[in-house]
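Trainee: Below is the structure, and that's it, no one-letter string:
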């Protein structure tokens, strides 16, 4: 398999631990307003509204809306479903919580692994996150990308083909020259259908240890690794560390 000319990364789950981070960020709010609510369960329920919120944009039921806006709408919907009147909170408090998605912590292997992969090829985001969200997240967690790309640039949410193809086009690449790195089989399947190369990275704790919801999309991907340093080794980065036994 020829090495890609650029690596495009899914972010939520693949690069950052959204479940643990959202649980952490929501803990103080919940202790004040919903003390019986488990922060981990709250994170899972908020994330469960993610795909339905984007689907209205995909279906043409509403124009493309930035993910920051959808996160705020999802939060209000979730609080209502939990029996809480959001009017009891200040607008600033709700905005701060809705932007918890800007304050997500990377998985431990990511900083060194991403740096190693960046020595192999340019690294860009191919995320449903909007640019302002990603800029804020990067300033929070210190990650460096060669470009922030994805849904807002394409005006289309994954898994719409435009999200993948316009990213490749913006980089001046043919689809097969761009590799999507993701922990989601459904994301990789959509990218492969558009002609992109694919690299799967295992993130068993993305949903707090619960099974991933997209296992039915699993295929034999072009690369498959347990973490970013292992992926870098597979792609030929000599400084990424010794291969794991059996790897």
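Mentor: Good, I have the coordinates. Fair warning: this is a prediction, and the values are worked out from it, not measured in the lab.

Trainee: Now do the SS call for residue 75.
Mentor: Under DSSP: H, G, I helix; E, B strand; the rest coil, residue 75 falls in the helix class.

Trainee: what about the residue lying closest to it once chain neighbours are set aside, how many neighbours?
Mentor: In space, and not counting its chain neighbours, residue 75 is closest to residue 98: 4.7 Å by Cβ to Cβ, 6 or more residues apart in numbering. Any C-beta I mention is one placed from the backbone N, CA and C, and that applies to glycine too. By other Cβ atoms under 10 Å, the residues close to residue 98 number 19.

Trainee: Residues touching the helix or strand harbouring residue 98, excluding its own?
Mentor: Under the criterion of DSSP states H and E, residue 98 resides in helix 91-98. With contacts defined as Cβ atoms under 8 Å, 6 or more residues apart in numbering, helix 91-98 is touched by 25, 26, 29, 68, 71, 72, 75, 76, 86.

Trainee: packing partners for the helix or strand containing the first one?
Mentor: Assigned by DSSP H and E, residue 25 belongs to helix 18-33. With contacts taken as 3 or more Cβ pairs under 8 Å, 6 or more residues apart in numbering; DSSP states H and E, helix 18-33 sits against helix 39-48, helix 91-98.

Trainee: which stretch among the ones you listed comes nearest residue 215?
Mentor: With Cβ to Cβ as the criterion, residue 215 lies closest to helix 39-48 of those, at 16.7 Å.

Trainee: in that closest one, what counts as buried?
Mentor: 39, 40, 42, 43, 44, 45, 46, 47 (16 or more other Cβ atoms under 10 Å).

Trainee: And stretch 84-94, by the same measure?
Mentor: Quick answer for stretch 84-94 (16+ other Cβ under 10 Å): 89, 94.

Trainee: Can you list the low-confidence ranges for the protein?
Mentor: Low-confidence segments of the chain, defined by pLDDT under 70, span residues 238-247.

Trainee: Kindly recompute the last result at 90.
Mentor: 1-2, 60-61, 85-91, 209-213, 215, 237-247 (pLDDT under 90).

Trainee: Sketch out the helices for it, chain order is fine.
Mentor: Along the chain, the stretches classed as helices by DSSP state H are 18-33, 39-48, 50-58, 67-81, 91-98, 110-118, 131-141, 151-154, 161-170, 185-193, 228-234.

Trainee: Skipping its backbone neighbours, what lies nearest the residue of the chain positioned farthest from its centre in space?
Mentor: Among residues of the chain, the one most distant from the C-alpha centroid is residue 88; the distance is 31.2 Å, by Cα atoms, centre = their mean. Spatial nearest neighbour of residue 88, excluding adjacent residues (Cβ to Cβ, 6+ apart): residue 33 at 7.1 Å.

Trainee: how close does the one you found get to residue 98?
Mentor: With distances defined as Cβ to Cβ, to the nearest Å, the gap from residue 33 to residue 98 amounts to 14 Å.

Trainee: cool, residue 183 as well?
Mentor: Separation of residue 183 from residue 98 (Cβ to Cβ) stands at 24 Å.

Trainee: about what we covered before: the residue farthest from the centre of the chain contacts residue 29, doesn't it?
Mentor: No - using Cβ atoms under 8 Å, residue 88 is not in contact with residue 29; the gap is 11.6 Å.

Trainee: Verify the stated contact: residue 165 with residue 194.
Mentor: Yes - Residue 165 is in contact with residue 194 according to Cβ under 8 Å; the separation is 5.5 Å.

Trainee: and for the two, which residues touch both?
Mentor: Residues touching both residue 165 and residue 194 (Cβ under 8 Å, 6+ apart): residue 175.
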